[in-house]
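Enquirer: structure for the following, please:
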Amino acid sequence: MLRRLTAALAATVAFASVPAVAGTTLNGAGGTAIYPVLQVWAQNYNVKTGTAVNYQAIGSGGGIKQIEAKTVDFANSDKPLMHEDIVKNDLVQFPQVVISIVPVVNLKGIKAGELTIDGPTLADIYLGKITKWNDPALEKLNPHVKLPDEAILVVHRSDGSGTTFNFTNYLGKVSPEWKQKVGSDTSVQWPVGIGGKGNAGVAASVQQADGSIGYVEYAYVAQNHMVYMDMINHDGKRLAPSMEAFQQAAGHADFKGTQDFYLILTDQPGAKSWPITAATYMLMRKDYAMDKNNQVLKFLDYALHDGQAASRKLDYVPFPENIVKQIEASWTASFGKEAAWK
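Expert: Numbers count the residues shown, from 1 in each chain. Alright, predicted model coming up:
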């Protein structure tokens, strides 16, 4: 499965490289977290409409650069842009689906969900302060697990990544030291570790290296049968990654009163809320021809409605109808009365 997913990423959306029956092609680029579900949306949309969707899974940072450079029709980022950047680059930003980020490990004899970690301990591992798996902090969290006297290999993203933005944002909320020394962005100066390109690169590095720890979007955990860690959430409850936990955290996504839908969903309260979730965003340009933008809107509106079953199947959290209506209303407000997606 890992080889299939990695190969698919390397080829972007290979199925869409064949000219569509209707002759319409949309080109996008950006985050790798959304890729597993976006490829399903694109496949199904191609069958339904004849429109091909080519998507380069190059990371949120790369997607932002490409939409700013006007080389793609749309982009995706797990890090929402600030209003000044939206205005400066004549962009439109709106959420598409909720992703969830999960710590994963490779330890001999350890199965998925057998290990538990909390935010401060995770931060200390990524700060390089905890270097062995049998560190007292980890033993305290896992009193019934025999932890090896083995070095921890930290794996992080090597590319500009919205997954990294949300992961480091979470670490900054639970660790003042992390917030002061490292901070939060799509790219940071990692204190320790090795880098992997994209969610697929981190997944591959963790699966290949004994004693490693990394972080990936949950779809990569499920598709590659990775060993995930349970987490202690904001309310001090131990949780396994699950659709229910992701939905509980996503339930705090209240975009009313926000500008450009800017909202961070890490470390949400609630006994059943997963600690590291995020809205992932689509970016479009106001200055593109409206016929092209309408083609993009038709695809993304299809994903918001007809694509919900695929989202749930891959453990992404689709937005409820009230938020979908907010998103569609923003299209009219941003593009004017010529905007059409039905």
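Enquirer: can you list contacts of stretch 286-306?
Expert: 24, 26, 38, 41-42, 44-45, 48-49, 51, 53, 70, 73-74, 90-92, 96-97, 282, 284-285, 318-319, 324, 327-328, 331, 334-335, 338-342 (C-beta atoms under 8 Å, 6 or more residues apart in numbering). Every residue, glycine included, has its C-beta placed from N, CA and C.
Enquirer: helices - which of these land there?
Expert: Those of those mapping onto helices are 38, 41-42, 44-45, 48-49, 324, 327-328, 331, 334-335, per DSSP state H.
Enquirer: which one among those residues gets closest to A310?
Expert: W41 (6.3 Å; C-beta to C-beta).
Enquirer: burial of that closest one, as a residue count?
Expert: 23 (other C-beta atoms under 10 Å).
Enquirer: distance of it from F74?
Expert: For W41, the distance to F74 (C-beta to C-beta, to the nearest Å) stands at 12 Å.
Enquirer: for V296, same thing?
Expert: Taking C-beta to C-beta, one finds V296 at 5 Å from F74.
Enquirer: okay, those two: which has more neighbours?
Expert: Higher neighbour count among V296 and F74: F74, with 28 against 22, using other C-beta under 10 Å.
Enquirer: name whatever forms a beta bridge with that one.
Expert: For F74, the beta-bridge partners under DSSP bridges are G28.
Enquirer: pretty sure it sits against I34.
Expert: No - look at F74 against I34 with C-beta atoms under 8 Å: they stay out of range, at 11.6 Å.
Enquirer: now do the shared contacts for V296 and F74.
Expert: With C-beta under 8 Å, 6+ apart, V296 and F74 have common neighbours 26, 284.
Enquirer: can you turn the buried part of the contacts of stretch 286-306 into a PyMOL selection?
Expert: Buried residues within those, by 16 or more other C-beta atoms under 10 Å, are selected in PyMOL with:
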select buried, resi 24+26+38+41+42+44+45+49+51+53+73+74+91+92+96+97+282+284+285+318+319+324+327+328+331+334+335+339+340+341
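Enquirer: show me the helices in the chain, by range?
Expert: Under DSSP H, the chain gives helices at 2-10, 35-49, 60-68, 83-88, 119-127, 136-141, 162-174, 176-181, 198-208, 218-224, 243-250, 290-305, 308-313, 321-335.
Enquirer: can you get me a residue count around E150?
Expert: So E150, with other C-beta under 10 Å, has 14 neighbours.
Enquirer: for Q259, give me phi and psi.
Expert: phi -100, psi 130 (degrees, to the nearest 10).
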